[in-house]
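Q: what follows is a predicted protein model with its sequence.
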Amino acid sequence: MSVLEGPVVESEAVEDFARVMRPVARRAAPLASDAAEAGRLNLRQEDVKNGLGQLVLTLVKLLHDLLEKQAIHRIEAGSLTEPEIERLGVTLMRQAQEIDRLRRAFNLEDEDLNIDLGPLGRLL
């Protein structure tokens, strides 16, 4: 599927654009009538907070996964001492626990952090 084959909005109304761009799970919730009449999007504070939290946690998880892979390569190459391996393992484990704690605090599931990049596939 090409990027151009996605949803198309042929309307000048911002509400139509917002309806198409809203995630599938949230499309059922209509825009507030007063915001729709004023021609503005109805952005709820908790949605923005969770969206930003999801984005930041996704990036943190991506970096954590990259660090984990780099650590495995260094261990397999034999470039780390036993104490360094131990410290690295404990640090990565604590990072994973903190990412999981923050994910739960934002009411996100593991699959919420694996965002869809369209034709490029899933991030993680």
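A: Structure received. Numbers count the residues shown, from 1 in each chain.

Q: so Leu108: helix, strand or coil?
A: The three-state assignment at Leu108 reads coil, by DSSP: H, G, I helix; E, B strand; the rest coil.

Q: could you check how far the spatially closest residue to it that is not a sequence neighbour is from Ser79?
A: Take Leu108 and drop its neighbours on the chain: the residue closest to it by CB to CB, 6 or more residues apart in numbering is Gln54, 5.8 Å away. C-beta coordinates here come from the backbone N, C-alpha and C atoms, glycine included. Distance, Gln54 to Ser79, by CB to CB, to the nearest Å: 35 Å.

Q: what about those two, which has more around it?
A: Counted by other CB atoms under 10 Å, Gln54 and Ser79 do not tie: Gln54 has more neighbours, with 17 against 9.

Q: packing partners for the helix or strand containing the more buried one?
A: Assigned by DSSP states H and E, Gln54 falls within helix 45-77. The contact analysis (3 or more CB pairs under 8 Å, 6 or more residues apart in numbering; DSSP states H and E) places helix 45-77 against helix 82-105.

Q: relative to helix 45-77, how tilted is the helix it packs on?
A: For helix 82-105 against helix 45-77, the angle by axes from the mean of the first three to the mean of the last three CA atoms, to 10 degrees is 160 degrees.

Q: pull stretch 109-124 out as PDB, backbone CA atoms only.
A: Output of stretch 109-124 as PDB, limited to C-alpha atoms (Å, rounded to 0.1, in the frame of the first residue of the first chain):
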ATOM      1  CA  GLU A 109       0.000  -1.500  26.300                       C
ATOM      2  CA  ASP A 110       3.300  -2.900  24.900                       C
ATOM      3  CA  GLU A 111       1.800  -2.800  21.300                       C
ATOM      4  CA  ASP A 112       1.000   0.900  21.800                       C
ATOM      5  CA  LEU A 113       4.800   1.600  21.800                       C
ATOM      6  CA  ASN A 114       5.200  -0.200  18.500                       C
ATOM      7  CA  ILE A 115       3.900   2.500  16.200                       C
ATOM      8  CA  ASP A 116       3.000   1.800  12.600                       C
ATOM      9  CA  LEU A 117       5.200   3.700  10.200                       C
ATOM     10  CA  GLY A 118       3.000   3.000   7.200                       C
ATOM     11  CA  PRO A 119       4.900   1.500   4.300                       C
ATOM     12  CA  LEU A 120       8.000   1.100   6.400                       C
ATOM     13  CA  GLY A 121       6.200  -1.300   8.800                       C
ATOM     14  CA  ARG A 122       6.200  -1.400  12.600                       C
ATOM     15  CA  LEU A 123       8.900   0.500  14.500                       C
ATOM     16  CA  LEU A 124       9.900  -2.200  17.000                       C
END
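
Q: before I go, just wanted to say thanks for your time.
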